[in-house]
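Enquirer: just to be clear, the model below is a prediction. Sequence and coordinates:
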Amino acid sequence: MFTANRGRLTLIGAVAVGAVVALAGCASGDPLSEPSSDAADTTLVVGSQAYYSNEIIAEIYSQALEAGGFTVDRQFQIGQREVYLPDIEAGKIDVFPEYSGSLLQALDKTAVGGTADATYAELQAALPDNLRVLDQADASDQNSWTVTQAFASKYNLTDIASLTQATEALTVGGNSELETRPYGPTTLKDKYGIDIAGFVPVEDSGGPLTVKALVDGDIQLANIYTADPNIKTNNLVALSDPDGLFFPDNVVPVVSKKVDSGAADILNKVSAALTAGTLVELNSESVNDQLSAPKIATAWLKSVNLD
Amino acid sequence: MNFLTETVAWLLDPANWAGDGGIPTRLAQHLIFTVVTLLVSFAIAVPAGFAIGHTGRGRSVAVATSGALRAIPTLGLLTLVALWVGIGLNAPFVALTVLAIPPLLAGAYTGFEAIDRKIIDAARAVGMSEAQILIKVELPLGLPLLIGGLRSATLQVVATATLAAYIADFGLGRYLFEGLRTRDYGQMLGGSILVIILAIVLEGVFALAQKLVVPRGVTAGRPTDIRNGSSRSRAVMELSIEEGK
């Protein structure tokens, strides 16, 4: 009898403790809330987009910083730019791998773009005072209007403007935000007079479903990032963009005031080593070899002697 | 509070009520897609459930299969099917059919199982054929639980049909995905509210139907009438089907 009661008491106690722990968890549920005060001085929060390639770069930054003696708090896979940008601006994230042109367009709707260096300079001016960008890498992961090789050959397509040579109306596919982006289907129609049949949402950010839809001919035009190894594997053609519809998107770390010169040096060394071909290779290790971001990052940092 | 005012503004904006991407069109698409999916799942699951319930055979197989089907994540299945058949409505249709089958199957066979065996024996004793037993006895007595299964399946499908918008320009899910991607949370919440309203309306219809389909003879034998009270539970039970998910 006594044992049974005690067992019950223990159970009630366990449930109560569990509930308190759970509630305490709720109270500090915001994963981006300020880290506890004593760790705040040495911990750098590294964020990433919900995009595998961006996560690989964020992981590279993290491991390089850790090798340099910094403590890193990883906050990866934080959605698209619309979601995480306010958190960066509020100083809740200290290091974020970004793409120069896309970030510039998000910060300044009237930006003009141009060459990679011009875009970088514009970006430096457009950033709020509490943020800065470190050196940009040669590697870029740019938006592109992509078609299949067969479709390109059929209508003799080379650049975006040549899409008017297609005698069929084009169905555009991609994430839903693409529909309203400044380089989206509306611009293709208004600026170039391209015959757009409609927009089909394929919500995997130019991933396997988008590629499949393109290859199947369900869509004719997709936004696939230029560092995507699928372009090569599936015989796709990223149409050239002489008018600068897409801004150059070089990989560049956006950092907060908490990143000191030591940390900045480390990130600049990483950017210097991140060449144009490298990013496609790293992405290919993820897409084709199914390696995890930390493994890819470790192996690459070792190969360029930054570990 | 800010989200709520944005949501109300979004819901009241006349621009959102017109055209191809307007609320009436998306609502109709969503409803039609839900109904078609349910009809197909019904055609697959219910005859199978009746066969299992009537013969008592294959029950363990049905339990194991529907349990396994319930455990499949719908978005994963949708992506997998889409990689095979391509984008469009086919993949979400298959994924949602798989989602709807377990509750319907369970509703069909538990409806039969919940019937007092004595009633079936009595029906056989008065000379009814197996077909007559099925149609005149088992079907009406098992109907409330079947409707219960249908109710559960409808709720799951109407909510999960938002995933159709993952790979097609279709249904209320478009508002959720677009709102999420562009940080237009008013639109996102507005879309969710429309899905919720649709789910509640369907739920109300089925709750009413479930009440109406209880055979008069069973209603007369409510437990207050002790003399006729069965020792076993009646076929009318509260929704006993565990929600999957």
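Expert: In hand now; what should we look at?

Enquirer: check contacts around residue A:279.
Expert: A:53, A:57, A:139-141, A:227, A:251 (C-beta atoms under 8 Å, 6 or more residues apart in numbering or on different chains). Quick note: C-beta positions are derived from backbone N, CA and C, even for glycine.

Enquirer: adding secondary structure, write those out as TSV.
Expert: TSV is the format used below for the contacts of residue A:279 (DSSP: H, G, I helix; E, B strand; the rest coil):
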residue	secondary structure
A:53	helix
A:57	helix
A:139	coil
A:140	strand
A:141	coil
A:227	coil
A:251	strand
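
Enquirer: just the buried members of the residues you listed?
Expert: Listed as buried from the contacts of residue A:279 are A:53, A:57, A:139-141, A:227, A:251; burial here means 16 or more other C-beta atoms under 10 Å in any protein chain shown.

Enquirer: so residue B:81 makes contact with residue B:96?
Expert: No. Using C-beta atoms under 8 Å, residue B:81 is not in contact with residue B:96, being 10.6 Å away.

Enquirer: coming back round to it: any chance of the contacts of residue A:279 in TSV, plus pLDDT and distance to residue A:122?
Expert: TSV is the format used below for those (pLDDT from 0 to 100; distance: C-beta to C-beta, whole Å):
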residue	pLDDT	distance to residue A:122
A:53	92	24
A:57	96	22
A:139	93	19
A:140	91	16
A:141	91	19
A:227	90	22
A:251	96	17
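
Enquirer: remind me which residues of the chain are low pLDDT?
Expert: Since no chain was named, I'll use chain A. For chain A, applying pLDDT under 70 flags the ranges A:1-41.

Enquirer: chain B, not that one
Expert: Using pLDDT under 70, chain B drops low at B:1, B:219-245.

Enquirer: what residue is smack in the middle of it?
Expert: Nearest to the mean C-alpha position of chain B, by C-alpha atoms, centre = their mean, lies residue B:153 at 1.8 Å.

Enquirer: give me the phi and psi for that residue.
Expert: phi -60, psi -40 (degrees, to the nearest 10).

Enquirer: now do the contacts for the nearest residue to residue A:159 once chain neighbours are set aside.
Expert: Excluding the flanking residues, the one nearest residue A:159 by C-beta to C-beta, 6 or more residues apart in numbering or on different chains is residue A:240, at 4.5 Å. Applying C-beta under 8 Å, 6+ apart to residue A:240 gives the contacts A:158-160.

Enquirer: name the nearest of those residues relative to chain B.
Expert: Nearest to chain B, judged by C-beta to the nearest C-beta, of the contacts of residue A:240 is residue A:160 at 23.0 Å.

Enquirer: pretty sure that closest one contacts residue A:243?
Expert: Yes. Using C-beta under 8 Å, residue A:160 is in contact with residue A:243, at 7.2 Å.

Enquirer: quick one, which of those two is more surrounded?
Expert: A count of neighbours by other C-beta atoms under 10 Å in any protein chain shown puts residue A:160 above the other of residue A:160 and residue A:243, at 23 against 11.

Enquirer: which ones are touching the more buried one?
Expert: A:145, A:188, A:192, A:239-241, A:243, A:245.

Enquirer: mind doing that once more with 10 Å?
Expert: A:144-145, A:183, A:187-188, A:191-192, A:194, A:221, A:239-243, A:245-246 (C-beta atoms under 10 Å, 6 or more residues apart in numbering or on different chains).

Enquirer: show the subsequent helix or strand relative to the longest helix seen in chain B.
Expert: In chain B, with assignment by DSSP state H, the single longest helix is helix B:23-55. Sequence-wise, the next helix or strand downstream of helix B:23-55 (DSSP states H and E) is helix B:59-70.

Enquirer: by contact count, what packs against that following helix?
Expert: Using 3 or more C-beta pairs under 10 Å, 6 or more residues apart in numbering or on different chains; DSSP states H and E, the elements in contact with helix B:59-70 are helix B:23-55, helix B:90-113.

Enquirer: please identify the most buried of these.
Expert: helix B:90-113 (a mean of 25; mean count of other C-beta atoms under 10 Å in any protein chain shown).

Enquirer: up against chain A, what does chain B have?
Expert: Residues of chain B that fall close to chain A, judged by C-beta under 10 Å from any C-beta of the partner chain: B:20-21, B:78-79, B:82-88, B:91, B:163, B:165-170, B:173-184.

Enquirer: apart from its neighbours in sequence, what residue is nearest residue 182?
Expert: With no chain named, the answer covers chain A. Excluding the flanking residues, the one nearest residue A:182 by C-beta to C-beta, 6+ apart is residue A:105, at 6.4 Å.

Enquirer: you answered for a different chain; I wanted chain B.
Expert: That would be residue A:177: by C-beta to C-beta, 6+ apart, it lies 5.0 Å from residue B:182.
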